[in-house]
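A.B. asks: Quick one, what's the 3D model for this:
(2 chains)
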Amino acid sequence: MSAQTETELETGVIKGLIVPGLPQPLLAPDQNEGWGRIRAAFEAARAELLAAKPDLILVYSTMWPSVIGHQIQADPRPKWVHVDELFHDLGSIPYEFDVDEEFAHTYCAAARARGLHARTIAYHGFPIDTGSVVALKLLTPGNEVPAAITSSNVYADRAETIVLGKAAADAVTKLGRRAVAVVVTSLSNRLFTDWIDPKDDRIHSPKDEEWNQKMLEFLADGRLEDVSQLSREIHRQVRVKKVVNFKPMWWLAAVMGQHNQYDGKVHDYAPIYGAGAAVVSLTPSLAGVGDKEYDEEDVEVYGGDRNVLVTDNDDGIPAVAPRATPAPAPAPSQAARRPAPSAKGTIETDAAPVPVGAYPHARKVGDLLFLSGVGPRRPGTGEVPGGPVRGEDGEPRDYDVEAQTRSTIANVKAILEASGASIDDVLDVTVFLIDMDRDFPTFNRIYAEELGHTGATRTTLAVTALPTPIAVELKVLAKAPGATI
Amino acid sequence: MTKKKGEIVAGILAPHPPHLVYAENPPQNEPKAECGWEELRWGYERLRRDLESIDFDVMLIISPHWQTYIGTHFIGVPHFESKSVDPVFPNLFRFDYTIDYDVALARAIHDEARSDGLVVKMMENPDFRVDYGTIVSAHMTRPQWDKPLVGISSQRSRHYYSVEVMQEQAITLGRATRRAIEASGKRCVLLASNSLSHRHFTTESDVPEDMSREHIYNHHQYLWDMQVIDLIRSGRSTELMDIMPEFVEQSVSEAEAGSLGWLISALDYPSFGADVYAYGTVIGTGNVVAAWFPGRAGEAVGAKTTPAGAGA
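C.D. replies: Numbers count the residues shown, from 1 in each chain, chains lettered A, B, ... in the order given. Just a heads-up that it's a prediction; the model follows:
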């Protein structure tokens, strides 16, 4: 994946920050030389942040746990006097923040469109966590930039956290925000278990120190994606097992584009009561180390254990029970399925089923017309002609592949017509079937009837599953209207 | 001249899901429900009736939702008035509270625990917000709010070491609590505020009180819950403590908070059974409302009279 530099990006996520959430740098910077340095590092990061002229600070706090999916703060002006439940003797923290309410709702919709359970919250007195409070108090003490705050689900693992980050990026794109993403986390997070004299503070163990230095070395090189992919190992080595895994780098990498092309700057690093506290900034750059360790599968839509109590979603498509194979995506909200505002030549039509992600039905580029994958769902209702391949309980169902194939081709025709083209303009088709042995003969017969005359080239593949409970999907390349080819 | 020793008149194990307060619709809570979780709420109701017949001075609570990673903390402020909003279920629980705390007894336990080698601290910040677990359990047990509380944090060293280490500290805290109560001359109710198995569903129904959606997360958890309840009912406290670490690990039990271990230890490993008022699930977690009444089983814990000063 390629990166753009901060100055090239007029909108999008223009910078990432990693900051600690313990309250000492805010409340007691004078009690320890390292705590004071972290306070100064916050101030340097704040100056860097403001110089980038963002219009949104997007916070993911590991100190705000959630259980039911993810929560997104949507109270436009949360106000309280916060006291940390552990370091309450350091004092109280009055706060009043400026929250980007529109972004919160868009972020929530984008998360749902990607299969996550998410909700906004806007209640007076909601207990914003110490980490978020510390980060915002030190990065925007005068509310210079509106904020968004997201929880960290205790059960979420890599796939869910990455999808959450992508949903944040979707929302940034949709609203054209210029955002700085902030993760609130310690590196090693092992606190001392007895009170110490602040002047005696140190990293809890040499092992913690060694791993913190590894992380900082990578981050200084701008290798965020590499740190993201090391997250499980980091968790095993230096994280106390409070939650399922070490997640913040997954989220940050996903929201920033999953690559290693950043200018990394470690503003400072110091122990806070034994834990590793660092302030790091990551700015998109073409001078980064590039692609190095893309060895983990990427994921776009979450389909894990999130449907025990789910009812039908808003668009009337039944939720599906847990299964071993990838689960289908829920129908997206209207907001989340729109392409990026900057996309040109995109085609959308109500005559075809709504996309299950943030992509258009088709896009014209030069003489060519690229169609997104098309399945058999009926426009408007989402109903699958011939029946879904799985029931609400996740168990396989009998289905009629002929009906699904004919409906799929009808949808292809509708998109082509909405693009000013026709079935006769098809140049190349890629076919995806979930059961080649069972379905290919029937599919092949109908294809010959409907598309055989076009002379289009074709490739047919068997896949484990498709994003909705369907058996067939077509990826079509066609000649654009007025093409000279 | 003799001074009557303080005593533990009841030891309660009860959960704190905000759903229970939500479904009760007390005036302090903003959200309103139609119904829900009746088994547990009626269980709490029967517990309340039994407590009405017992004279007590103070209720001591350990809540898993005041988590401290450096030692055990005690509320050291005598009075709080504020609002509690559940961080996980803010849609269900936004509760205006007024609570009095027995700081003298809290400090006495703090001092006893410190003398036993535990890491302890008094919480004396007046802006501190009382955790929702404490409020839910206290409200469901004593909605009159006419008894002062002693608030004790959940010490989470388990995250650094092991459940066994955590339990040893909870046992020590229980002994320290008992000694401090005896010296205080007060009649005390102890409340371990925790569920049993604690794996949640990660989604929720549109209508929170839709009981057609409520059940135990899985059968494995149910079996563990029933085994623990069987030990509670039959007074096999030593066995309960023996299996506690495995129970915590296997069922993700909220007993990891140390609250149940503290209670059993403070009750001095009761060999008499607890009254089990209810078992029910909340978003998949297993919850029991149960209470040990030492007075019913014979002599209350720490009830012997001693010469003045002997236990002080």
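A.B. asks: For the residue nearest the centre of chain B, pull up the helix or strand it's in.
C.D. replies: For chain B, the residue nearest the mean C-alpha position is B:Ala192 (2.0 Å; CA atoms, centre = their mean). Taking DSSP states H and E as the definition, B:Ala192 sits inside strand B:187-193.
A.B. asks: could you point out which element follows that strand?
C.D. replies: By DSSP H and E, the next helix or strand past strand B:187-193 is helix B:219-233.
A.B. asks: Go through that next one and flag the buried ones.
C.D. replies: Buried residues in helix B:219-233, counted by 16 or more other CB atoms under 10 Å in any protein chain shown: B:221-222, B:224-225, B:227-229, B:231-232. Every residue, glycine included, has its C-beta placed from N, CA and C.
A.B. asks: thinking again about what came up before, surely the residue nearest to the centre of chain B touches B:Ile12?
C.D. replies: Yes: between B:Ala192 and B:Ile12 a contact is recorded at 6.9 Å, counting by CB atoms under 8 Å.
A.B. asks: shared neighbours of these two, anything?
C.D. replies: Residues touching both B:Ala192 and B:Ile12 by CB atoms under 8 Å, 6 or more residues apart in numbering or on different chains: B:Leu263.
A.B. asks: List the strands paired with the helix-or-strand element of chain A with minimal mean pLDDT, with their directions.
C.D. replies: Here the helix or strand of chain A ranked lowest by mean pLDDT, DSSP states H and E is strand A:346-347, holding a mean of 87. Strand A:346-347 pairs in its sheet with strand A:362-365 (antiparallel), by DSSP bridges.
A.B. asks: ok, which stretches of chain B are strands?
C.D. replies: Ranges of strands within chain B are B:2-3, B:7-14, B:58-68, B:72-75, B:79-85, B:94-100, B:120-123, B:149-155, B:187-193, B:275-282, B:285-292, B:306-307, based on DSSP state E.
A.B. asks: Next to chain A, which bits of the stretch 151-300 of chain B? Give me the list.
C.D. replies: Selection of the stretch 151-300 of chain B residues close to chain A by CB under 8 Å from any CB of the partner chain yields B:153, B:156-157, B:159-160, B:200-206, B:213, B:217, B:283-284.
A.B. asks: mind redoing it with 7 Å?
C.D. replies: Residues of the stretch 151-300 of chain B lying close to chain A (CB under 7 Å from any CB of the partner chain) are B:157, B:159-160, B:200-206, B:213.
A.B. asks: out of the strands of chain B, nearest to B:Arg41?
C.D. replies: Closest to B:Arg41 of those is strand B:275-282 (CB to CB; 8.1 Å).
A.B. asks: In contact with residue 92, which residues?
C.D. replies: Let's take chain A. Contact analysis of A:Ser92 by CB atoms under 7 Å, 6 or more residues apart in numbering or on different chains lists A:81-83, B:125, B:127.
A.B. asks: hm, I was asking about chain B
C.D. replies: B:18-19, B:22, B:31, B:86, B:208.
A.B. asks: how near is A:Ala156 to A:His70?
C.D. replies: 7 Å (CB to CB, to the nearest Å).
A.B. asks: neighbour-wise, which of those two wins?
C.D. replies: Per other CB atoms under 10 Å in any protein chain shown, whichever of A:Ala156 and A:His70 has more neighbours is A:Ala156, with 27 against 23.
A.B. asks: so that one sits in a strand?
C.D. replies: No: A:Ala156: not assigned to a strand; according to DSSP: H, G, I helix; E, B strand; the rest coil it is coil.
A.B. asks: Is B:Gly6 in contact with B:Ile181, as I believe?
C.D. replies: Yes: at 4.3 Å, B:Gly6 and B:Ile181 qualify as touching, with contact defined as CB atoms under 7 Å.
A.B. asks: how many neighbours does residue 164 have?
C.D. replies: Because you didn't say which chain, this covers chain A. 30.
A.B. asks: Chain B is the one I meant
C.D. replies: What B:Glu164 shows, counting by other CB under 10 Å, is a neighbour count of 11.
A.B. asks: From chain A, how far off is the residue nearest to the centre of chain B?
C.D. replies: Here the criterion is CB to the nearest CB, to the nearest Å. By it, B:Ala192 lies 19 Å from chain A.
A.B. asks: ok, that residue - contacts?
C.D. replies: Listed by CB under 7 Å, 6+ apart, the contact set of B:Ala192 reads B:12-13, B:62, B:259-260, B:262-263.
A.B. asks: Give me the pLDDT value at the residue of the stretch 351-485 of chain A found nearest chain B.
C.D. replies: Residue of the stretch 351-485 of chain A nearest chain B, by CB to the nearest CB: A:Glu392 (13.8 Å). On pLDDT, A:Glu392 comes in at 73.
A.B. asks: Quick one: neighbours of it, just the number.
C.D. replies: 15.
A.B. asks: which SSE is it in?
C.D. replies: Judged by DSSP H and E, A:Glu392 forms part of no helix or strand.
A.B. asks: what are the pairing partners of the strand holding B:Ala192, and which direction each?
C.D. replies: Sheet neighbours of strand B:187-193, with direction, are listed as strand B:7-14 (parallel), strand B:58-68 (parallel) (DSSP bridges).
A.B. asks: ok, back up a step: is it possible to get TSV of the contacts of A:Ser92 that adds neighbour count, distance to A:Asp263 and pLDDT?
C.D. replies: As requested, those are exported to TSV (neighbours: other CB atoms under 10 Å in any protein chain shown; distance: CB to CB, whole Å; pLDDT from 0 to 100):
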residue	neighbour count	distance to A:Asp263	pLDDT
A:Val81	14	38	98
A:His82	21	33	98
A:Val83	20	38	98
B:Asn125	17	41	98
B:Asp127	16	41	98
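A.B. asks: burial of the closest residue to A:Thr459 other than its chain neighbours, as a residue count?
C.D. replies: Nearest residue to A:Thr459 in three dimensions, chain neighbours excluded: A:Thr430, at 5.0 Å (CB to CB, 6 or more residues apart in numbering or on different chains). For A:Thr430, the count of nearby residues is 15 (other CB under 10 Å).
A.B. asks: Quick check: A:Thr430 is in a strand.
C.D. replies: Yes: assignment of A:Thr430 by three-state DSSP places it within a strand.
A.B. asks: so what's it up against?
C.D. replies: A:Thr430 sits next to A:459, A:461, A:475 when contact means CB under 7 Å, 6+ apart.
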